[in-house]
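**Q** Got a sequence here, can you model it:
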Amino acid sequence: MLPLAQRLFMTTSSRVLRFGPHTALALLLIVCIFAAIGKPAQPEEHPLPITLAWENDILTIHHSGIPGGKIDTWYLEAYCRAGSTDRKWEDSLISHETELLSINEERTVLKLRCTLSDGVTIDHVIRAVPDGVTLDLVARNPGNTPSLVHWAQPCTRVGTFTGTGSSVTNDKYAYLKRSFIFQDNDEEPDFMPTNPWAMEARYVPGQVWCPADVPRTDVNPRPLNPKAPSLGLIGCVSGDEKWILAMAWEPYQELFQGVIRCLHSDFRIGGLAPGGEKRIRGRFYLVPNDFSSLLAQYQGEFPDKKSR
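**A** Here you go, the predicted structure:
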């Protein structure tokens, strides 16, 4: 049998001569209405569960499904020189300013630019994706002298997410028991405090894990764990145990458990020659609490997954 719209059109066409142009026009309008009704419904576009904001050096990842509804990251806390492990913290810093270049209407893509005191610029393109955030960076040295910038610190605050924020407990380190790295086994997370756990440094407490290809003299001046991480991934489990938040960079300088209810995956630049350019990529994972699924995704996106 012919479709309804086609049968109506044929009937209408046969009556055009009988009823004149005005009646025919009315009948054609009816045909169009029926044809529109008969069209299959178009699937609705579902917005991403994650949106972004950046203000006063804080990158905010909004997600209504997680405890607290957001993750704040001090972005960026610092750019640092090499030789930082046993030196006054202020002497390792390279001052910088960060500006917001743009953010789209949906608040899913934002662009930042950091300008260092030595003239180096680092452009950041930060995108919300269904399971977190991607970060693509380009560092450039437009000057005529080498830049000493070796690494940088994004500082991710996890107190509220882990259910151990200041409104819940006065214990600033209660979040450790929900925080993890991969130290001994690529398949199972090591929750903090790990074994071993360093206790001595220029500044205490805290814990730093240095990958095998980064000089142990070039990391945060907090207690340095004797073991290198087996994966460049650090994160925590939410207070309701439904979510995992994890961070990764390639290349990365260190993994760091900090002192303001924070976790760090800190990215590596490694200096910049005059006219030089380097690319760095990062990832925030915000996924259901399934470590095997997280690892499969991480290893797919960072296939050179061993300590770097």
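**Q** Make sure residue 215 is indeed in a helix.
**A** No: the assignment for residue 215 by DSSP: H, G, I helix; E, B strand; the rest coil gives coil, which leaves it out of any helix.
**Q** Chain neighbours aside, what residue packs nearest to it?
**A** Once flanking residues are discounted, residue 215 sits nearest to residue 82: 7.2 Å by Cβ to Cβ, 6 or more residues apart in numbering. (C-beta placed from N, C-alpha, C; glycine too.)
**Q** quick one, domains of this protein?
**A** 1-42, 51-301 (automatic domain parsing).
**Q** highest average neighbour count across these?
**A** domain 51-301 (a mean of 18; mean count of other Cβ atoms under 10 Å).
**Q** so how far is it off the chain centroid?
**A** 9 Å (Cα atoms, centre = their mean, to the nearest Å).
**Q** if we can go back for a sec, compare the mean pLDDT across the domains of the chain and name the weakest.
**A** For the domains of the chain, the weakest mean pLDDT is recorded on domain 1-42, namely a mean of 47.
**Q** thinking again about what came up before, now do the residue nearest to residue 215 against residue 173, distance only.
**A** From residue 82 across to residue 173, the span is 29 Å (Cβ to Cβ, to the nearest Å).
**Q** Next: residue 133.
**A** For residue 133, the distance to residue 173 - Cβ to Cβ - is 26 Å.
**Q** what does residue 111 give?
**A** Taking Cβ to Cβ, one finds residue 111 at 35 Å from residue 173.
**Q** do the same with residue 201
**A** For residue 201 relative to residue 173 (Cβ to Cβ), the value is 16 Å.
**Q** check contacts around residue 100.
**A** 54, 55, 110, 111, 112 (Cβ atoms under 8 Å, 6 or more residues apart in numbering).
**Q** Kindly confirm my reading that it is in a strand.
**A** Yes: counting by three-state DSSP, residue 100 is found in a strand.
**Q** give me every residue that touches the closest residue to residue 193 other than its chain neighbours.
**A** Closest residue to residue 193 apart from its sequence neighbours, by Cβ to Cβ, 6+ apart: residue 176 at 6.1 Å. Contacts here follow Cβ under 8 Å, 6+ apart; on that basis residue 176 touches 191, 192, 193, 257.
**Q** Same check on residue 154?
**A** 59, 73, 74, 75, 76, 77, 247, 264, 265, 266, 267, 282.
**Q** any idea which helix or strand carries the nearest residue to residue 235 once chain neighbours are set aside?
**A** Of all residues beyond its chain neighbours, the one nearest residue 235 is residue 246 (3.0 Å), with distances taken as Cβ to Cβ, 6+ apart. Assessed by DSSP states H and E, residue 246 sits inside strand 243-250.
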